[in-house]
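**Q** I need the structure of the sequence given here:
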Amino acid sequence: MRDIGNWRHICVDAQRMFAEDTAWHVPWMSRVLPQLEEVSHRHAERTIFTRFITPVQADDASGGWKEYYQKWWMMTGEHLPHELLELVPSLQTLVPPARIFDKPTYSPWIDGRLLSHLASEAVQTVVVTGGETDVCVLATVLGAIDRGFYVIMLSDAVCSGADETHDAAVNLLGDRFSVQLDLMKTEDFLSEVRA
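**A** Got it, this is the predicted structure:
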């Protein structure tokens, strides 16, 4: 692993609505949760959790998001219990020192708050975990690359509800972005940063 300098761990959307029995349940979440917990617990002060926050009603969304939430009406605030937007309990206990950034879109970069926060701490590298690999993780990684960060994605700490597109996203990122991104296993990363 190259010298990664000042780094932060971005754990993408490890929320109850993806871990529990909802329309957006991601069965893999339970498989990768031990890795998310390991990185987050060891480096809580370096961890940032993003949360995907849905609108109260579909009509509160704009553009294509309105149609999206008309399809997924059961995931809007008027139907989804608010507590399901929270992080899974084992990660919630880490806040603080870990931080939370909420977002209404797949990407956490849209409103500029996360970028400003990382810039204020002179962060050079982001380590990405969470879900889903082919949606919000992909948006997080590509946005980080666009903003000049070196990215490490922990390949055994990302998950999706669809195996085929998970594999395609991992292969795409590993092949096409190999200068700006490394794929690593959680254990390998943790042993490197401990050294």
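**Q** Now do the biggest strand by length in the chain: distance to the chain's middle.
**A** Longest strand in the chain, counting residues (DSSP state E): strand 150-159. For strand 150-159, the separation from the chain centroid amounts to 10 Å (computed by C-alpha atoms, centre = their mean, to the nearest Å).
**Q** likewise stretch 61-77?
**A** Put simply, stretch 61-77 sits 21 Å off its chain's centre (C-alpha atoms, centre = their mean).
**Q** then it to PDB, C-alphas only?
**A** The C-alpha coordinates for stretch 61-77 follow below in PDB (Å, rounded to 0.1, in the frame of the first residue of the first chain):
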ATOM      1  CA  ALA A  61     -38.700  15.400  -3.900                       C
ATOM      2  CA  SER A  62     -37.800  17.100  -7.100                       C
ATOM      3  CA  GLY A  63     -37.200  16.000 -10.700                       C
ATOM      4  CA  GLY A  64     -36.600  12.300 -11.200                       C
ATOM      5  CA  TRP A  65     -36.500  11.800  -7.400                       C
ATOM      6  CA  LYS A  66     -40.300  12.400  -7.300                       C
ATOM      7  CA  GLU A  67     -41.000   9.500  -9.600                       C
ATOM      8  CA  TYR A  68     -38.500   7.400  -7.700                       C
ATOM      9  CA  TYR A  69     -40.300   8.000  -4.400                       C
ATOM     10  CA  GLN A  70     -43.700   7.400  -6.100                       C
ATOM     11  CA  LYS A  71     -42.400   3.900  -6.800                       C
ATOM     12  CA  TRP A  72     -40.800   3.500  -3.300                       C
ATOM     13  CA  TRP A  73     -43.600   5.300  -1.400                       C
ATOM     14  CA  MET A  74     -43.200   2.900   1.500                       C
ATOM     15  CA  MET A  75     -39.700   4.300   2.200                       C
ATOM     16  CA  THR A  76     -40.900   7.900   2.600                       C
ATOM     17  CA  GLY A  77     -41.100   9.500   6.000                       C
END
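**Q** which residues are in contact with that stretch?
**A** With C-beta atoms under 8 Å, 6 or more residues apart in numbering as the test, stretch 61-77 has contacts from 17, 22-24, 54-60, 79-80, 104-105. Where C-beta positions appear, they are placed from N, C-alpha and C, glycine not excepted.
**Q** One more pass at 7 Å, please.
**A** Contacts with stretch 61-77, where a contact means C-beta atoms under 7 Å, 6 or more residues apart in numbering, come from 22-24, 54-59, 79-80.
**Q** can you pull the buried residues of it?
**A** 61, 69, 75-76 (16 or more other C-beta atoms under 10 Å).
**Q** Now do the buried residues in whichever strand or helix holds Ser90.
**A** Per DSSP states H and E: Ser90 is located in helix 89-92. Residues of helix 89-92 classed as buried: Leu91 (neighbour count, 16+ other C-beta under 10 Å).
**Q** In the sheet, which strands lie alongside the next helix or strand after that helix, parallel or antiparallel?
**A** From helix 89-92 onward toward the C-terminus, using DSSP H and E, the following helix or strand is strand 99-103. Strand pairing for strand 99-103, using DSSP bridges, gives strand 47-52 (parallel).
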